[in-house]
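Enquirer: I'd like to go over a predicted model; first the sequence, then the structure.
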Amino acid sequence: RSDIGLPGAGRLHIPESSLEDEDVHVVAALLRNNLTIVELNLRDNAIGDDGARALANVLASHSALRLVDLRGNCISRTGVWELAEGLGRSRRVE
């Protein structure tokens, strides 16, 4: 089940959809200039460190995201570290 691009909803939910790193690059590109999406659910997909790196870059610059659910993916400690660094570069995190 996906809630994609619902006007005013502010959510992008794509759980359990077999998304891989390549797909996350597309999602990241869409989010880069989107200031209305505040919730991103990519739970239980096949996202690895490369996808995490793409999302880390979005987190570093995207000012609207408040919740990102990546549980149940294939992200290693390296990917988690990159996500944390992206959050650290964010102007929204104090």
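Expert: Okay, I see it.

Enquirer: Can you give me the pLDDT of the one residue sitting closest to the centre of the chain?
Expert: Centroid-nearest residue in the chain: Leu55, 4.7 Å away (criterion: CA atoms, centre = their mean). pLDDT, Leu55: 96.

Enquirer: in terms of contact, does it touch Leu83 like I think?
Expert: Yes. Judged on CB atoms under 8 Å, Leu55 makes contact with Leu83 at a distance of 6.6 Å. Where C-beta positions appear, they are placed from N, C-alpha and C, glycine not excepted.

Enquirer: if I look at those two, which residues touch both of them?
Expert: Leu70 (CB atoms under 8 Å, 6 or more residues apart in numbering).

Enquirer: So what does Glu39 have for phi and psi?
Expert: Main-chain dihedrals, Glu39, degrees, to the nearest 10: phi -130, psi 130.

Enquirer: Make sure it is actually in contact with Leu31.
Expert: No. Counting by CB under 8 Å, Glu39 stays clear of Leu31, with 11.4 Å between them.

Enquirer: Now the common contact residues for those two.
Expert: Counting by CB under 8 Å, 6+ apart, the residues touching both Glu39 and Leu31 are Leu12, Leu65.

Enquirer: For the two, indicate the residue with more neighbours.
Expert: Leu31 (23 against 16; other CB atoms under 10 Å).

Enquirer: So for that one, what's the nearest residue that isn't a sequence neighbour?
Expert: Of all residues not flanking Leu31 in the chain, Val58 sits nearest, at 4.9 Å (CB to CB, 6 or more residues apart in numbering).
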